[in-house]
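S.K.: sequence and predicted structure are below.
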Amino acid sequence: MNQRQFGQYADGAEEYQVLRRNRGSGPIEQRQAAKRPCAIGAVGIDDRQCGDGIDDLHTIACHLTEYREAAVLIVKIGRVVRQIEEPLAGCAIGIAAQFGGTCNLRLDDTDPSGESMEYVESIIRDVKWLGFDWGDRLYYASGYYEKIYEYAIQLIRKGLAYVCDLNADEMREYRGTLTEPGKESPYRNRSSEENLDLFQRMRAGEFPEGTCVLRAKIDMASPNITLRDPIIYRIKKVSHYRTGDAWCIYPMYDFAHGLSDFIEGVTHSICTLEFENNRPLYDWFLDKLVEGPRPRQFEFARLNLSYTVMSKRKLLELVENKVVSGWDDPQMPTLSGMRRRGFTPEAIRKFCERIGVSKNDSLIDMALLENCVRDDLNEKALRVMAVLRPLRVVIDNYPEGQVEMFDCPYHPKNAEMGSRKVPFSRELFIEQEDFMEVPPKKFFRLAPGREVRLRYGYFIRCVEVVKDPATGEIVEVHCTYDPETRSGFAPDGRKVDGTIHWVSAAHAISSEVRLYDRLFLVPDALSEEGDFKTHLNPKSLETLKACRLEPSLVAAAPGQRFQFERLGYFCVDSEDSSEKAPIFNRTVTLRDTWARIEGRC
């Protein structure tokens, strides 16, 4: 399935875009008066005011893609519709403020060998997750197969299409180069009657795959190679996930795309710049086959994210080489990967609103997307305590067997989010990095003879360090506590410089935590010399097996998001986590650690 440009965030791979345009002149009522319905990858606007195009629209359209063998769709927000169709076999999502148009979801399923209901369901699930409800406006290019076939018959009868028996190598040889014109196929001048008979026999299944194709008769000397008699139908004796074995010939995407737009009443079709050369072909088919108002194609630059790759081909290489576990690996810049990592649809949409689109290629800093995620999760994520690298703490003067239940808020600034009971006991776990036997000057956490505040709890002071006699590794820290500091303050007014988090050793649940980071060490791996995989970040995934979490997390649902206090934002893995063996994925750190790293370079 192919998809074109923007309307959705998608499954599978290639770009994030926002289109911002100025309002057209004239009152809204006038602009709405002559609107046609707007479908996939399109904007429904007044045909009288299209002019040269999108500058007449007040639009915000965002574009995020992810690999799936399918899709075209549009999403709307408010009053302006925008379509995005991802040409690179993915699912794209466009979100736009629109002036009273309608918004459709279309799956351009023209390649039966690369499509399945699994992909379709995945696309639909992802689009719904992003907040788009297309109602009853779900369409498939395969639903137009008979109509598209009739358009091909029209081209043949007009002498504008012919059945060609050249094989793939011969066709490549006849096509010519960028500097040399192509040569006409010896089958180019067959009569319309002969071509019609052959094409009907192609549909009837009389010919094996690869023996012949239907080509448009345009111009073999055109400087635009896409106009050198492109293939518009080929034989594929493969069952289609929707039409079964009803067809053995299938239209090429370039042929079906514009005609599907026309059938649905699309007005503006938005693509990335690599499809600029295909626009004359898009227009040629429409010029020869349809009358009246028709869609128009517009191209904008692809938007790339730093520290990852957005090319479907490169992402496929990572999957096939087992660099990542699949298309939904949380390291991947795919919609399913982002969702599994814990990104929220609101954060993705906010990111899209903040970025711009132009005619020039650009590289957007990953930090912008990460900051949008932080801003969104800061408002909605429940605060909990988790210890990722546990160090045991024993409070010597705390009564053995005693347990206190501390009432801890889920959010310090939003009481409506409620609270939970967190047990406190004689033995705790703290982070290994929160203790140093010989601390440097500006270390304000726990150290021998030093006092710190436990989050929501007491002051404790380190009095003894226990080490493994074989390795010298610190395995336990003994402390005393001040029972008068339960409020977080000392009655005598003394102050502590640091506050650390903890969990009760007897009550904590064990969990695996996966720490995800940026996929590459350099901002633009594809611009560097050599194999782009040599710039992979070896620490893009660190798996911790023996983490300890507060007991309230035992009921956490797959996909649920939390802030692990002082550590970052995390979510329950939606694929591998189970009730008996919970797994959490780090969505993003609390601060942009890469900014500090780059600042030191």
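M.R.: Received, thanks. Residues are numbered from 1 along each chain as shown.

S.K.: what is the burial count for residue 300?
M.R.: Residues contacting residue 300 under the criterion other Cβ atoms under 10 Å number 25. Where C-beta positions appear, they are placed from N, C-alpha and C, glycine not excepted.

S.K.: whoops, I mixed them up, residue 133
M.R.: Using other Cβ under 10 Å, residue 133 has 11 other residues around it.

S.K.: now it: how far from residue 104?
M.R.: According to Cβ to Cβ, to the nearest Å, residue 133 stands 12 Å off from residue 104.

S.K.: residue 373 belongs to a strand?
M.R.: No. Looking at residue 373 with DSSP: H, G, I helix; E, B strand; the rest coil, it is helix, so not inside a strand.

S.K.: shift numbering so it begins at 39
M.R.: Yes, from this point I'll number from 39; that puts the last item at residue 411.

S.K.: pretty sure it contacts residue 624?
M.R.: No. Residue 411 lies out of contact with residue 624 (Cβ atoms under 8 Å); the separation is 11.4 Å.

S.K.: which residues do the two both contact?
M.R.: Here residue 411 and residue 624 have 380, 607 as joint contacts, going by Cβ atoms under 8 Å, 6 or more residues apart in numbering.

S.K.: helices of this protein, residue ranges please.
M.R.: Ranges of helices in the chain, per DSSP state H, are 66-71, 155-167, 183-195, 206-213, 230-242, 291-302, 317-327, 350-358, 373-379, 383-392, 404-418, 631-638.

S.K.: can I get the ones you listed in TSV with mean neighbour count, distance to residue 424 and mean pLDDT?
M.R.: As requested, these are exported to TSV (neighbours: other Cβ atoms under 10 Å; distance: least, Cβ to Cβ, whole Å; pLDDT from 0 to 100):
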stretch	mean neighbour count	distance to residue 424	mean pLDDT
helix 66-71	14	51	28
helix 155-167	19	26	84
helix 183-195	18	53	98
helix 206-213	14	57	95
helix 230-242	16	62	97
helix 291-302	25	48	93
helix 317-327	18	53	96
helix 350-358	17	29	91
helix 373-379	26	17	93
helix 383-392	21	22	89
helix 404-418	19	15	96
helix 631-638	10	18	56
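
S.K.: okay, now the unreliable bits of the stretch 89-238 of the chain?
M.R.: In the predicted model of the stretch 89-238 of the chain, residues 89-141 satisfy pLDDT under 70.

S.K.: at which residues are the strands of it located?
M.R.: For the stretch 89-238 of the chain, the strands defined by DSSP state E, counting those that start in this stretch cover 98-100, 102-105, 110-115, 118-122, 128-131, 143-145, 176-178, 199-202.

S.K.: same check, this time on the stretch 539-639 of the chain
M.R.: Using DSSP E, counting those that start in this stretch, strands in the stretch 539-639 of the chain cover 541-542, 547-554, 579-587, 599-602, 606-610, 621-626.

S.K.: run through who's touching the second one.
M.R.: By Cβ under 8 Å, 6+ apart, the surrounding residues in contact with strand 547-554 are 368-369, 379, 424, 426, 578-589, 591-592, 608, 611, 619-625.

S.K.: what's the answer for the first one, then?
M.R.: Outside strand 541-542, the residues within contact range by Cβ under 8 Å, 6+ apart are 423-425, 441, 460-463, 465-467, 586-589.

S.K.: and the furthest pair within those?
M.R.: The most widely separated members of the contacts of strand 541-542, counting by Cβ to Cβ, are 424 and 441 (19.4 Å).

S.K.: in terms of neighbours, single out the busier of those two.
M.R.: Neighbour totals were compared for residue 424 and residue 441, and residue 424 leads with 27 against 12 (other Cβ under 10 Å).

S.K.: residue 622 versus the more buried one, what's the distance?
M.R.: Distance from residue 424 to residue 622, by Cβ to Cβ: 8 Å.

S.K.: what is in contact with those two at once?
M.R.: With Cβ under 8 Å, 6+ apart as the test, residue 424 and residue 622 both reach 549, 551, 585, 587, 602, 608.

S.K.: most neighbours out of these, which is it?
M.R.: Busiest of those [other Cβ under 10 Å] is residue 608, holding 31 neighbours.

S.K.: if you drop the residues flanking it in sequence, what lies closest to it?
M.R.: residue 622 (4.5 Å; Cβ to Cβ, 6 or more residues apart in numbering).

S.K.: wait, that neighbour sits on residue 607?
M.R.: No. Look at residue 622 against residue 607 with Cβ under 8 Å: they stay out of range, at 10.2 Å.

S.K.: hey, what's in contact with both of the two?
M.R.: Common neighbours of residue 622 and residue 607 (Cβ under 8 Å, 6+ apart) are residue 600.

S.K.: dump the shared contacts of residue 424 and residue 622 to a markdown table, plus pLDDT.
M.R.: Listed next are these as a markdown table, based on pLDDT from 0 to 100:
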| residue | pLDDT |
| --- | --- |
| 549 | 97 |
| 551 | 98 |
| 585 | 97 |
| 587 | 98 |
| 602 | 98 |
| 608 | 98 |
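
S.K.: which one of the residues you listed sits closest to residue 451?
M.R.: Checking the shared contacts of residue 424 and residue 622 against residue 451 by Cβ to Cβ gives residue 602 as the nearest, at 17.6 Å.

S.K.: what's the nearest residue to the closest one if we skip its chain neighbours?
M.R.: The spatially closest residue to residue 602, leaving aside those adjacent along the chain, is residue 424, at 4.2 Å (Cβ to Cβ, 6+ apart).

S.K.: phi and psi next, for the closest residue in space to residue 436 that isn't next to it in sequence.
M.R.: Closest residue in space to residue 436, ignoring its immediate chain neighbours: residue 464 at 4.4 Å, by Cβ to Cβ, 6+ apart. Backbone geometry at residue 464, expressed as degrees, to the nearest 10, gives phi -70, psi -30.
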